[in-house]
Structures are given as C-alpha cells and as structure tokens.
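Trainee: model this:
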Amino acid sequence: MTSLTEPATSPAAAVLRVYDPRSGSPVGTLGAATREEVALALSVSRAAQPDWTRMDPQRRGVLLRSAANALAEGADALAEMNGRETGRPVDEALAGIRAGVATLEQHAELGPVHRGHSLRGSVLAADYTVAEARGVAVLLTPWNDPVAVAAGLIGAALVTGNTVIHKPSERCPHLGLLLGELLSRVFPPGVLLTLTGGPEVGAMLTTTDADVFAHVGSSASGLRIARAAVLTGAHVVRENGGNDPLVVDAGVDPAWAAEQAAIGAFSNSGQICTSVERIYVHQDIADPFCSALAEQARRRNAEHPLAPLVDTRLRDVVHAQVAHAIALGARATAGGAVPAGPGAYYPATVLLGCTERMEIMTDETFGPVAPVQVVADFAEGLRLASAGRYGLAATILTGSIEHAHRAVAALPVGTVKINAVFGGAPGGSAQPRGASGDGFGYGPELLDEFTRVKVVHVSIPPAADTPPESPQTDPVQTDTVQEPQ
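Mentor: Numbering: from 1, shown residues only. Got it, this is the predicted structure:
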C-alpha cells in the first residue's frame, strides 16, 4: 500500500498522463488509487474522525489558520504547477490561490462561532440545537480554479469536525498532491488525505459509506453522484455545469455592455462555472453592441492572446459547438477557427445570428465563445434567459429598476447579477438549481452543509417529596391543534 498522499506505483494501477496545454509536452504520470487504497483511505479517515471532532472548535480554527499560512507560503510552487497542468497564467493562478488563503482564514473564524439555536419551551426547561459533524467527507474538485475551490470545501469540512478525503481533478493531479502535502502536515494524521485518479476513482469513492460528498464539476458526474448517494444515504453538495445567460437591455451604453460581455465570456478562456455562455441583446442597441463585442474579441486575440484551454479534448468539444452553430446559420465575426501550432489554444470567438436550435445556446460550452441572439424586447430576452435545464447564475444589464426586479423574480437560478458579470460581497453563497446542482457551495452556509442538527430538550426532575401530578391530557394531544367540530 502506497502513502495516501503519494502517487500509487503498483503495476496494476491505472496511470494518469498529464500534458502541458501550452506546448503539448508531458508534465508527468501518476498512478490512480486502487480499490484497496480507496478502502484504506476511508478506514483511516473514519478512525481519525472521532478525535478530530472532539477537538475544541477554536483549536480547529487555529489549525485551519496554520493551513492558510502554509498555502500562502507554497503559492509560487502551486501557481507554477497550475500553469503546467491547466495552462492558467501565473498571475491568475496566484489570484486563485490568494482566494483560497482568504477562504481558509474566513472558515477559521466562522468555525468556532458556528452555532445552534435556542427554542421557546417551558420556563423550567431548556430547548436548543447543536451542530455536529457528519463524519467523513469526500471532496471531488475541478481543474479550472483548483486551489480556491478545494480550499473552500476542505476548510468548511475540517473546521466543522469532519475528516476529508480529497480527489483533485485528473487534469491537475500533481497540483492536487502538492496542495495535499502542504495542508495535511498541519493536521493530525488521517484528518486530510489525498487520492489521485480519474472518474473510476471518483466512482469508487462515491459508492463508499462516506457521510457527505461534495462535488464541483460536470452535471453528468454530479447526477451520477447524487444517484449513488440515494443508496448510501450520504449527504450531497453539488455545484455543476452552467449555461449562464446575459440579457442586455435597451438604454444601456453598448460599449460598456460589450466590455461586460467580453469579461464574462473570455475570462480564464471561458473556463469559469459562471462564465457568460449566451447573450440576448435588445434590438435597439444590437448593432453597436455586436460591433463593440467583436472588437473586444479581436483585440484580445491580437494583443493579448488567451491562455489555452485545459486540453485538446475540451477544445474539440468547444469547436464542435461553434461549427454546429455556423452550420445552422450563425456567423463568426471574431475567432471561430482552431489555430495552427502546438497546445490547446482557441481564440476569443463571437457568433451572431444564434438561435435556440443551436447547441451553443442550450448546452454548457466552457470555452471563450460569446454567442449572441437579438431579441425584440426585454420580455423576450428574459423569457429566453429563463429557459433551459441549468440554473447556476444569470446577469442583467439594465438601467430600469422595474426590469431588474422582474428579472430577479423570474430567473430560475441561484445567483442573479445586475449590471456586473462578476463580483459580489465576501461570504456570498447561493444554491444552484436544476442541472447545475444543489446545496450551498460557498460562504457561511457551506458549514451547514457539513453538519447535521441535533435538538436537545433539558427538563428538571421533580423534587423527591413532591407527588407526581396526574396527566391532564394525552401527551400526543398537547402538541396538536384540534379542529372545531
């Protein structure tokens, strides 16, 4: 049996081969965890959990702050590996790592004050709730913002008294192992374990008797995890795919709106869960908006070419959606072609004349594509934005307070953003809907996902010399409101 934080070396183990998406050169190979290693990880994590959950919450918070410091100290090495495995520029990778540090620090403060509620009961009794750790948490994290997402889930799970088995994406396993090595040394043995592997390892983990599964990734994988958990009884938290709409209302500055659309569609080469993936623009400003958006894309392609997609496999999916849209009548005014040369690069692309018949308007793309559909009025844009099977987030650009309120009421998503494609206050959280998942993935509410509530009733015994009172009513009836005859 190999170390749980080292790559498996058994000849029978599956092998992960990772290539640099910038050049196509190999990064390295790692062994995938075997079924025996998965079972041992669960056993070790289960054995470590009782002592960890009995630890004073303030002490757990102190250790989590130490983990934040360790993450900050290892930022350069993590950012370099992030670039090698996913192609993310170093400055963007460092920003994600700093977000992970801040999240660990936030959970270190929130954990010790994560509290229950007092309940109204008898004057001579006490009724209250306490939050208890669920047990062993299996965390399955993505490659597109690997440190920030993992740090958020790890921090929330650990500070509430759970032990953790973390499986990073098979697209960045070296990064996941390095993260595990940096953080696990802060905690007692068995509290934080890291396993590498592909979907088969994830499937093995999510059919164990772990107590909670937290998954950030594709909708198809999330659905399989949710179905598996029906049989095991585990609690599931999912933030999955999205097809986030942007509605551009009449009366807004088309140049500003185009800049917002470009930021939403092209940041991190479109590889953000809440990227803008479909755009509905009011016909009154459609021409200047579309011209400005195409110019935004062309300038990015010429002056600051986008970082590559994570691999050529994803690029093939993105380009297939673009080609399908063009075959059905869409027109590329920027990008839209696979560039020559090594790596997994794809240009910022603007597609005009899009319709609901096109996959690019109905499915997740996860690439730097801005597909545009012109609408007759705000009501049509809102109707189209509200359609579809995903429910992650949506953005509205409008100067009308009425339209903003109508959008908030109508959009079936976890997050509605008015006049800013990204941003938000610290500690924000949301519940995705539909194919985008379920449960709080971030913020203070994430601590609730990793705990279960116990209700406590404490009463006083009667004095020794006091005869017991005869019950006046059936105890069942005292809690029941009787309907009038």
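
Trainee: Leaving out the residues flanking it, which one is nearest to residue 124?
Mentor: Spatial nearest neighbour of residue 124, excluding adjacent residues (CB to CB, 6 or more residues apart in numbering): residue 460 at 5.5 Å. In this view, the C-beta of every residue, glycine as well, is placed from N, C-alpha and C.

Trainee: Relative to residue 195, how far out is that neighbour?
Mentor: Using CB to CB, to the nearest Å, residue 460 is found at 50 Å from residue 195.

Trainee: So for these two, which sits in the more crowded spot?
Mentor: Between residue 460 and residue 195, counting by other CB atoms under 10 Å, residue 195 is the more crowded of the two (28 against 9).

Trainee: pLDDT below threshold where in the stretch 351-485 of the chain?
Mentor: The model of the stretch 351-485 of the chain has pLDDT under 70 over residues 466-485.

Trainee: the helices in it, which residues?
Mentor: Under the criterion DSSP state H, counting those that start in this stretch, the stretch 351-485 of the chain contains helices at 378-385, 401-410, 445-449, 475-478.

Trainee: can you pull the buried residues of stretch 221-238?
Mentor: Burial within stretch 221-238, assessed by neighbour count using 16 or more other CB atoms under 10 Å, is assigned to 221, 222, 224, 225, 226, 228, 229, 234, 235, 236, 237, 238.

Trainee: rewinding a little: the helices of the stretch 351-485 of the chain: which one's closest to residue 94?
Mentor: helix 445-449 (23.6 Å; CB to CB).

Trainee: for the closest one, the distance to its chain's centre please.
Mentor: Chain-centre distance of helix 445-449: 14 Å, with CA atoms, centre = their mean, to the nearest Å.

Trainee: Give me the contacts around it.
Mentor: 107, 110-111, 114, 131, 152-153, 156, 159-160, 212, 214, 235, 237, 429, 439-440 (CB atoms under 8 Å, 6 or more residues apart in numbering).

Trainee: these two touch, right, residue 390 and residue 412?
Mentor: No: Residue 390 lies out of contact with residue 412 (CB atoms under 8 Å); the separation is 9.3 Å.

Trainee: out of the two, which sits in the more crowded spot?
Mentor: Neighbour tally, residue 390 and residue 412, criterion other CB under 10 Å: the higher count belongs to residue 390, 26 against 14.

Trainee: May I have the beta-bridge partners of the nearest residue to residue 354 once chain neighbours are set aside?
Mentor: Leaving aside its sequence neighbours, residue 354 sits nearest to residue 371 (CB to CB, 6+ apart; 4.3 Å). For residue 371, the beta-bridge partners are residue 351 (DSSP bridges).

Trainee: Now do residue 371: how many residues are near it, please.
Mentor: 26.

Trainee: How about the one 3 residues further on?
Mentor: Using other CB under 10 Å as the criterion, residue 374 is surrounded by 21 other residues.

Trainee: Distance of it relative to residue 350?
Mentor: Using CB to CB, residue 374 is found at 13 Å from residue 350.

Trainee: Any regions of this structure where pLDDT drops low?
Mentor: Residues of the chain that meet the cut-off, pLDDT under 70, sit at 1-13, 466-485.

Trainee: of the helices of the stretch 351-485 of the chain, which approaches residue 171 most closely?
Mentor: helix 445-449 (23.9 Å).

Trainee: correct me, but residue 315 touches residue 344?
Mentor: Yes: Residue 315 lies in contact with residue 344 (CB under 8 Å); the separation is 4.8 Å.

Trainee: contacting residues for the nearest residue in space to residue 209 that is not next to it in sequence?
Mentor: Leaving aside its sequence neighbours, residue 209 sits nearest to residue 232 (CB to CB, 6+ apart; 5.8 Å). For residue 232, the contacting residues are 207, 208, 209, 210, by CB under 8 Å, 6+ apart.

Trainee: Helices - which of the residues you listed land there?
Mentor: With DSSP state H as the criterion, helices contain none of the contacts of residue 232.

Trainee: if we can go back for a sec, residues that sit against both of residue 315 and residue 344, list them.
Mentor: Both residue 315 and residue 344 are contacted by 308, 309, under the criterion CB under 8 Å, 6+ apart.

Trainee: Have a look at those two and say which one is more surrounded.
Mentor: More crowded of residue 315 and residue 344, by other CB under 10 Å: residue 344, with 26 against 21.

Trainee: I'd guessed that one sits against residue 316; true?
Mentor: No: Residue 344 is beyond contact range of residue 316, at 9.3 Å (criterion: CB under 8 Å).

Trainee: Strands along the stretch 201-350 of the chain, start to end?
Mentor: Listed in chain order, the strands found in the stretch 201-350 of the chain under DSSP state E, counting those that start in this stretch are 212-216, 235-239, 245-248, 278-282, 331-334, 349-352.

Trainee: Quick one: closest of these to residue 39.
Mentor: Evaluated with CB to CB, these place strand 212-216 nearest to residue 39, the distance being 16.5 Å.
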